[in-house]
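1. pasting the sequence and the predicted coordinates here, then a few questions.
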Amino acid sequence: MCAQPAPATPTTDGSRTVLDARDISRALTRISHEILERNRGAADLVLLGIPSRGVPLAQRIAERMASVEGVHVPVGSLDVTMYRDDLRLKPARTLMPTDIPSGGIDGKTVVLVDDVLYSGRTIRAALDALTEVGRPKAVQLAVLVDRGHRELPIRADFVGKNLPTSLAERVRVSLEALDGVDSVAILETIKETGR
Ligand SMILES: O=P(O)(O)OC[C@H]1O[C@H](OP(=O)(O)OP(=O)(O)O)[C@H](O)[C@@H]1O
Ligand SMILES: O=c1cc[nH]c(=O)[nH]1
């Protein structure tokens, strides 16, 4: 079951807010419970956020797990930049931190965390990046928003909100830690493909 968002709210920049802070909070709480349920607890879990917004989301999920299970789930970040399949098309990308918890990922269940799942190419790159780090027992994927339009056979295990979108739209996730506010909005883009 997905959290029921507030109705889309028009904003001054023409975007429509589809999730507000409370919707996001509820979705993260639900995802945290689902991860614990699927894995029968937090043993051997490692959360790896994909920069930039996947990292604060992973931290928030870990905080919720700590309050539910009373355990500390290691959180890190995984930069996928050098593993992207469009590097030659868009070479000017800023490298982001990869920070693997001290226990590593060998034999662990790694939950990748990102804000938006779209074509699936970021997650494909993340799976490649992981192979440089270690060999987890299993890899799962948690995303705040799944907006559809997959180009690769990738699906999320835990989804905050399935958001039907057109290719002419873009989903903008804002998070308190990076943007000062929690919201998910849909923007019209000029390009028909939206990518
Ligand atoms: O499924 P995909 O088509 O790969 O799209 C999803 C990715 O796109 C966004 O990142 P973006 O590259 O826009 O950078 P950002 O993290 O700085 O927003 C988002 O954070 C996801 O990581
Ligand atoms: O709409 C989109 C597509 C990819 N990444 C985003 O953050 N939003």
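-> Structure received. Ligands and ions are numbered 1, 2, ... in the order given.

2. tell me the strands beside the helix or strand where Val110 lies, with direction?
-> Counting by DSSP states H and E, the element that carries Val110 is strand 109-117. Using DSSP bridges, strand 109-117 pairs in its sheet with strand 45-49 (parallel), strand 138-146 (parallel).

3. can you list the residues of the protein near ligand 2?
-> Val116, Tyr118, Arg147, Arg170, Val171 (C-beta under 6 Å from any ligand atom). Every residue, glycine included, has its C-beta placed from N, CA and C.

4. give me the subset of those touching ligand 1.
-> Counting by C-beta under 6 Å from any ligand atom, the subset of the residues of the chain next to ligand 2 that neighbours ligand 1 consists of Val116, Tyr118.

5. all strands for this structure, in order.
-> 9-10, 16-19, 45-49, 75-77, 109-117, 138-146, 158-162, 169-174, 183-188 (DSSP state E).

6. next, format those as CSV and append mean neighbour count.
-> Converted to CSV, those look like this (neighbours: other C-beta atoms under 10 Å):
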stretch, mean neighbour count
strand 9-10, 12
strand 16-19, 20
strand 45-49, 26
strand 75-77, 22
strand 109-117, 25
strand 138-146, 22
strand 158-162, 20
strand 169-174, 20
strand 183-188, 19
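
7. Met96: neighbour count?
-> Neighbours of Met96 under the rule other C-beta atoms under 10 Å: 16.
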